[in-house]
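Participant: Here is the input, now give the coordinates:
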Amino acid sequence: MLSTPRFLSKSAYSPLIISAAVSVMALTVSQTAAAITTKNVTYTVDDQAYEGYYAKADKPNAPFILLIHDWDGLTDYERKRAEMLATEGYNVLAADMFGQGIRPTSVKENKRLTGALYDDRSKMRRLLEGALNAGRLQGNDVRKGVTMGYCFGGTVALELARSGFPQKAFVPFHGAFDIPTGQSYDQTTGEILVFHGSADDSVSLESFATLGKTLEAAKVPHEMITYSGAPHAFTVFGSDRYDARADKRSWNRYLDFLADEYK
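Facilitator: Below you'll find the predicted structure:
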């Protein structure tokens with residue numbers, strides 16, 4: 001399991017201590033000392049099974065967050081982030097964009113799976129619809145939720161923003177900003193909050209600036225933050241690209257943003 005960043009001062013994270021089997025749309029249910037509950041949730045899109053990870057806060061009517069994984073699929077990293085957000089009072093579904101049991105283990109496979117979705121935006125949107133429906137079936141008001149994502153997942157979060165699906169906000173962490181031909185932000189309903197590393201060698205500052213101009217022209221409320229020296233994937237603790245300063249600052253800004261949205 002991934003270690004929890006030490007900067008988490010707003011609410012301490014506790015490891016899973018209880019596990020129990022359940023029968024409906026879940027494989028495993030766990031409970032933490034902070035009283036959040038977690039389980040794997042299966043759902044179907046285009047006759048294919050997908051398996052997300054759901055972390056539920058210990059409070060009634062908690063706001064909903066859809067979390068989209070990066071290009072290596074749903075891993076312990078996204079599960080950890082979901083649990084961290086649940087301890088802050090949010091119900092989080094970490095979606096599966098590749099399919100149940102499909103977890104790539106090489107750069108070649110990462111590129112193949114993400115490339116197929118980049119080339120088929122209709123399927124990408126159907127997968128988002130399926131994940132949102134899975135969140136709704138857990139009792140959440142997904143239309144008042146927030147969608148976030150890391151790297152590939154950040155790009156997917158912006159795809160949902162352009163689709164016109166009503167949510168409070170769309171939040172990419174070190175995502176990509178290219179707009180497919182025929183798309184725009186004219187139908188975007190929520191605010192966009194962007195976290196980007198100035199030293200990102202995959203997504204240029206020029207494309208970051210172009211996104212800002214595009215959102216301004218479309219009159220989409222937005223906040224866009226860069227972090228000096230931070231590379232691509234700067235939030236992935238345990239990796240050689242991890243930047244603790246940028247991770248801490250972006251995470252705390254995100255929590256403040258969520259608190260403002262739901263106050």
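
Participant: What count of nearby residues applies to Thr226?
Facilitator: Burial of Thr226 is recorded as 16 neighbouring residues (other Cβ atoms under 10 Å). To be clear about C-beta, it is placed using only N, CA and C from the backbone, and glycine gets the same treatment.

Participant: quick one: secondary structure of it?
Facilitator: Assigned with DSSP: H, G, I helix; E, B strand; the rest coil, Thr226 falls in the strand class.

Participant: Next one: it relative to Gly197, how far apart?
Facilitator: From Thr226 across to Gly197, the span is 7 Å (Cβ to Cβ, to the nearest Å).

Participant: Repeat that for Arg249.
Facilitator: 11 Å.

Participant: repeat for Gln100
Facilitator: Separation of Gln100 from Gly197 (Cβ to Cβ): 32 Å.

Participant: now Arg103
Facilitator: Taking Cβ to Cβ, one finds Arg103 at 26 Å from Gly197.

Participant: which of the two has more neighbours?
Facilitator: Taking neighbours as other Cβ under 10 Å, Arg103 and Gly197 compare with Gly197 leading, 26 against 16.

Participant: Now do the contacts for the nearest residue to the more buried one once chain neighbours are set aside.
Facilitator: Leaving aside its chain neighbours, Gly197 sits nearest to Ala230 (3.1 Å; criterion: Cβ to Cβ, 6 or more residues apart in numbering). Taking Cβ atoms under 8 Å, 6 or more residues apart in numbering, we find Ala230 in contact with 196-200, 243, 245-246.

Participant: Please pick the buried ones from the residues you listed.
Facilitator: Among those, those classed as buried by 16 or more other Cβ atoms under 10 Å are 196-197, 199-200, 243, 246.

Participant: now do the same end-to-end measure for stretch 134-143.
Facilitator: Using Cα to Cα, to the nearest Å, one end of stretch 134-143 lies 13 Å from the other.

Participant: Assign Asn61 to helix, strand or coil.
Facilitator: Assignment for Asn61 (three-state DSSP): coil.

Participant: how much space between it and Gly197?
Facilitator: To Gly197, Asn61 is 35 Å away according to Cβ to Cβ.

Participant: what's the answer for Leu128, then?
Facilitator: Applying Cβ to Cβ, the value for Leu128 to Gly197 is 25 Å.
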